[in-house]
Every structure is written in C-alpha cells, then in structure tokens.
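Novice: Based on what follows, work out the 3D shape:
(one chain, ligands or ions: 3)
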Amino acid sequence: MTENKTVIKWLDEMKALLNPDKVMWIDGSESQLDELRKEAVATGEMLKLNEEKLPGCYLHRTKPNDVARVEDRTFICTSDKDNAGPTNNWCDPKEMYEKLYNIARGSYKGRTMYIIPYSMGPVGSPLAKIGIEITDSIYVVLNMSIMTRVGNEVLKVLGDSNDWVRGLHAKCDVDPENRYICHFPEDNTIISVNSAYGGNVLLGKKCFALRIASYQGWKEGWMAEHMLILGLQNPKGEIKYVAAAFPSACGKTNLAMLIPPEYLHKKGYKVWTVGDDIAWMKIGPDGRLYAINPENGFFGVAPGTNAHSNFNALESTKKNTIFTNVCLNLDDNTVWWEGLDNNPPKNALNWKGEPWDYTKYDKANKVATSGAHPNSRFTAPAKNCPCISDEFDKGQGVPISAIIFGGRRAKCTPLVYQSKDWVNGVFVGSAMASETTAAAAGAVGVVRRDPMAMLPFCGYHMGDYFAHWLEMGEKLGDKAPKIFNVNWFRTDDDGNFLWPGYGDNARVLNWIVDRCEGKADAVETAIGYVPKPEDIDLTDLDMDIDTLKSILEVDKDVWTKEAAEIEEHYKKFGDRLPKELKEQLENLKSNLNKM
Ligand code: GTP
Ligand code: SPV
Ligand code: MN
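Specialist: Numbers count the residues shown, from 1 in each chain. Ligands and ions are numbered 1, 2, ... in the order given. All right, here's what the predicted structure looks like:
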C-alpha cells in the first residue's frame, strides 16, 4: 500500500505488539466498506435499519459503561510535566507507553487489524494533515470513513514524509478500569485502549484535530479550535464567515446549520455550514484568518434534534448514517430519540437494547429511563447536509470575520456582547464558563470554567495557549476577527429558557455581523459592548422588550462575584498566565467598581 518507511516501521511494531490474525488496509472504496458493513451486521455489531425509510443506515450500541468521553482518563504525556499544564492529566511518556503496551499486547489475537489512512481536511489542502489509525473495530472504520477522508489517495499525498499522526486504538475488553485516552504530542502519537465510543476512539476527531493539532498549531503558528464555522448570507448575496466555540453539547451543530426565522428567510438571509465542531485556522496571504473544517461528517447529538430545532441536521441523517445509542422502533425498524417528535414508539428497545416503556420516562433520571441515551449520536456525511457550503471541500479555507464564544449559563452572561478588542476577547474566552453536559462522563449541570471550550481538548499548558492566542492577535493586527460572546441559555426562576434559541439565534448573528461592518449600535458596559435592545430584531417573536432587556443586562453584583471566580481560576496558571490577561481582569474589576 505504501513504501513510506516511517509508516512500514510503525506498522511492523504494532503488528508485533498486537498480534492480529489478519491485517486489512482501508482503501476508501465503497465495495470494501460494504463488505465490512455486512460483517458487522452478521456479528451483531451493527443493526441494519429500514432500507426504505433510512437507506444505508445502521444502529450501533456501545457498552453502558462506555457512552461518552472520559476526561479523567485522558492524558497529555509530555516529557516535562509543566508543559501539559494544570488542566490536563499528565504521565511520564515512557511510563505511559509501557502501561498502554502492556494493556494492548496481544489484544488483536483472533481479530483483524484495520489500517485507516486518513486526511483531516480536504486531501492535499495546504491546511490538511494526515493520520493513520489502526483499530480492531469495524464500527471505528465505518465512522472514520464518514468523519474523515480515507483511503489510498491519502497515502499518495503523504509520500515518504514522516509528518503524520500515529493512532493506535485497541478495544481490549472495554474495561472502564483500564480505559486510557493518551496523547504524546512530542511524538505525534495517540493511544486509546478499552473504549469503543466516539471521541475516545475516532482518533482523527478530538485526539488529533484538537489535542495534537493544538500543540502543532502552537509550534507552527496556527490554531486548532473547538469551533463551528458558518457563512451568513445577506439579501445582497454577500457571505460573511464566523467561527464559534461552545463547549460540548452547547449548540455548535445547531448554530452551524440554522435556518433563520421566516421574516429573515424571506428577505434573503441564509446560513451555509462549513463545519460543526472543529476549525483549523491559519493566517492567509492577505493577512486575514482563514478556517477549514478538518472533518468530513457530523458526529452530532441526537436528542433534541427535530424538524423544527435543526431541520438540516435531521435531513443529514436520512441516509448513509450510523446511529449510536438511540432508541429502536421495532414496528418499522427505524430510530427514535427524545425530542424527535411527540410520538415515542410503543414497541421499542432502549439504547441498551432492552424493551422500553415510554410511559416510565423521568426527566430527572434520563440515563435510566430514556429511550435514547442523552449523549446518543448520529454520524452523518457532511455532503448530506442541505446547507453545506460550497467552500466546505475547498482547501484554502474561508476568511473569518467574527469569533464567538459561548456556553450554558442560566444566569450572569448576557445574550450577546462584543469584546473591546482582540486582547479583551482573549480574556473573555479564557474566562468563559459553562454548565457541564452528558457529552463527558461525570456530573451534568455543574458550572465550570472552560476556556475557549478547549478545557478537555488543549494539548499543552493552557497559559501558553492563551499566550498563543495573544500572539496570533498581534500578527493579525487590524485584520483580526472581532470577538463576541453569546449565551442562549439564560433561564427564569422556574428554569425555563428566556431566549427562544435555535433559528432565532440568527437575530443575534445579524447584530454580530453588522457590528463587524460598523453598521450596528451598542452600549458600552463594564464587560464589553452590549446591543441596544431595539437593535435585536424581535419581529414575529412572542417576546416582550423587557424580557430581552433582562437577558442583556450586566448586573454589578453578579459580575463582581464572577470576577472573583475568574481570579480564582487564573491562579491555576501561575506565572504562565500572560500579564495582559491579568491586566484585563484588573480592568474588569475597576470597571465594575465604577458601576
Ligand atoms: P458536541 O457535538 O458535543 O460538540 O455538541 P454541540 O456543541 O454541537 O451541541 P448541539 O448543537 O448538538 O446541541 C446540544 C444540545 O443543545 C441539543 O440538545 C440542542 O437541542 C440544544 N441546543 C442547541 N442550540 C440551542 C439553543 O439555541 N437554545 C437551547 N435552549 N438549546 C439549544
Ligand atoms: C464533544 O464531546 O465535544 C463531541 C463528541 O463533539 S466526541 O466526539 O465524543 O468528543
Ligand atoms: Mn464537540
């Protein structure tokens, strides 16, 4: 398949370690994938769904102990502990290699070793990078074949270069006690053992495209971010691109594919999707920041996705899609999840494959009583998406006008505000916090600081990461994107969302893009520029201006408490916290004092 000596050498080592019965190169052909699908169906690893209603679609169930990313078992193994920083688990690389090799040794016995050459980004794009993942899971092969560009073409582009990321995945016994997701950024290497779920095992995604790539970007002068990329088209047909970083399960896929409300749609506003989860960004020849989506599909949250909330995502899942841990409707062999419609199947199996009684559903205890797991997912080809951007497959990337940070905050953070400049925007991103979700194992709904939505994904010291952001801003100068913060999740005292969200977020996007063009007004507050209430268009919305005012408000007491929490959060970074950010915090405190 290849004469690349670095590839051959590593594969020989891996074969000796893992002892597979068979070895199969994934060549990217449909015929090979089809053989694998048939095999997975024969062994029960996947279930073929209704070919008429969901052509080319399959259902897969993971073990109940293996349904989300495991942050406490994710490691950054740098030779110097300080370089992993205070937000990552660290282990000495030598020690960790030994431990992982001991776990994986001989574990492919009786199994096939699949070798997946893949490109993150359009094959041959100057912004793309190459990886090779070996795995003993057909599910991984089939998902990687949707999520990345796979096959012989990739090896051709690689040639005899050593610039590729090694990825070893071994299912082993899917034992949570021996589950490790480990990154060796200095060696371009990822090793994942004892899991078979999503972000733990599709090594091109979070492991490479964020943890390893963020480290590479730091060294090479570009950025790998947990961001969607969308193009907002105005009635004149002009398209402005924005990138937005929200933590896991906080609305990236939804924003990336939104359909503006009727009155804006009629005027000619439209959103084009470039990416829904990851952005790689580099300064282009004209000095602006250009972004590509390194992925080739969507690994999206199923629950809550419906024709109203995210029509384009739902359409994307109608063919050639793999569903993971959703509910199976036995009457017609289709899938269902909470929030799809108000018609749960009466004859169904839940995400664990057990008979499911929808009348027992208890919102307070979702994992035990829901049909679909709260972190159940669809893996859908990007080209299925009705609003996929023409730029998606082009390698040069799209110029970014605005960067948006955001998270789930029931209180505190206003619906939208603009930072005063790039440095202030980096401060806003570094201080951001969000309520935890089901995308990672652990408690849900707890507010935690999640800088730039990268807390679980930054492959090096976060203090250095902030410094890298500042340095990129300096290089970009007055061509830097404007930085904003949004919060779709403010609630009233009964926990109801105050902002309608979803498609109506276009109302906020319009203000953001108008600000970038100097067309919209704003009020300067202690934290940044907030829209005047009348500048957020409420046409056709059942929302009064007072409610809007309440979610645009910057409350002195609440923000003083917030500033104190940011100060606490900053202490973690010690002397690697850039002094510019310390100054920003002092500015915020003095602005609040003046209120
Ligand atoms: P990852 O794939 O984990 O990175 O998630 P994501 O950031 O792409 O989040 P996604 O768009 O899948 O949304 C996650 C959940 O948030 C879903 O249940 C959505 O229904 C819900 N959600 C998304 N946008 C909004 C919004 O504007 N308002 C409200 N209230 N909920 C939203
Ligand atoms: C996330 O958790 O941010 C995801 C899903 O996008 S996973 O691929 O599992 O990381
Ligand atoms: Mn994500």
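
Novice: what residues does the stretch 251-400 of the chain put near ligand 2?
Specialist: For the stretch 251-400 of the chain, the residues found near ligand 2 under the criterion Cβ under 6 Å from any ligand atom are 277, 299. To be clear about C-beta, it is placed using only N, CA and C from the backbone, and glycine gets the same treatment.

Novice: which parts of the stretch 401-550 of the chain sit against ligand 2?
Specialist: With Cβ under 6 Å from any ligand atom as the criterion, the stretch 401-550 of the chain comes near ligand 2 at residues residue 439.

Novice: quick one: the strands in the stretch 401-550 of the chain?
Specialist: For the stretch 401-550 of the chain, applying DSSP state E, counting those that start in this stretch gives strands covering 416-418, 433-435, 447-449, 482-486, 523-524, 529-530.

Novice: Quickly compare those strands and say which is most buried.
Specialist: Each of the strands of the stretch 401-550 of the chain was scored by mean neighbour count; the highest is strand 416-418, a mean of 25, by mean count of other Cβ atoms under 10 Å.

Novice: do that one and ligand 1 meet?
Specialist: No - for strand 416-418 and ligand 1, the contact criterion (Cβ under 6 Å from any ligand atom) is not met; the two come no nearer than 12.1 Å.

Novice: Mind giving me the packing neighbours of that strand?
Specialist: For strand 416-418, the contact count by 3 or more Cβ pairs under 8 Å, 6 or more residues apart in numbering; DSSP states H and E identifies strand 482-486, helix 506-516, strand 529-530 as packing neighbours.

Novice: The first one to helix 506-516, inter-axis angle?
Specialist: The reference is to strand 482-486. Direction vectors for strand 482-486 and helix 506-516, defined by axes from the mean of the first three to the mean of the last three Cα atoms, to 10 degrees, enclose an angle of 160 degrees.

Novice: just to revisit the earlier point, what's the closest of the helices and strands packed on strand 416-418 to residue 48?
Specialist: With distances scored as Cβ to Cβ, the stretch of the helices and strands packed on strand 416-418 nearest to residue 48 is helix 506-516 (37.8 Å).

Novice: May I have the closest one as PDB, with CA atoms only?
Specialist: These are the backbone C-alpha positions of helix 506-516, laid out as PDB (Å, rounded to 0.1, in the frame of the first residue of the first chain):
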ATOM      1  CA  ALA A 506     -30.000  34.400  13.500                       C
ATOM      2  CA  ARG A 507     -31.300  37.600  15.100                       C
ATOM      3  CA  VAL A 508     -28.100  37.800  17.200                       C
ATOM      4  CA  LEU A 509     -25.900  36.700  14.300                       C
ATOM      5  CA  ASN A 510     -27.200  39.600  12.300                       C
ATOM      6  CA  TRP A 511     -26.200  42.100  15.100                       C
ATOM      7  CA  ILE A 512     -22.800  40.400  15.300                       C
ATOM      8  CA  VAL A 513     -22.100  40.700  11.500                       C
ATOM      9  CA  ASP A 514     -23.500  44.300  11.500                       C
ATOM     10  CA  ARG A 515     -21.100  45.200  14.300                       C
ATOM     11  CA  CYS A 516     -18.200  43.800  12.200                       C
END
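
Novice: residues touching residue 138, list them.
Specialist: Residues in contact with residue 138, defined by Cβ atoms under 8 Å, 6 or more residues apart in numbering, are 36, 37, 39, 40, 45, 46, 114.

Novice: In CSV: these, plus neighbour count.
Specialist: Converted to CSV, these look like this (neighbours: other Cβ atoms under 10 Å):
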residue, neighbour count
36, 20
37, 19
39, 13
40, 21
45, 18
46, 24
114, 23
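
Novice: before we move on, back to that, output the strands of the stretch 401-550 of the chain in a markdown table, with mean pLDDT appended to each entry.
Specialist: Formatted as a markdown table, the entries for the strands of the stretch 401-550 of the chain read as follows, by pLDDT from 0 to 100:
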| stretch | mean pLDDT |
| --- | --- |
| strand 416-418 | 98 |
| strand 433-435 | 97 |
| strand 447-449 | 96 |
| strand 482-486 | 98 |
| strand 523-524 | 97 |
| strand 529-530 | 98 |
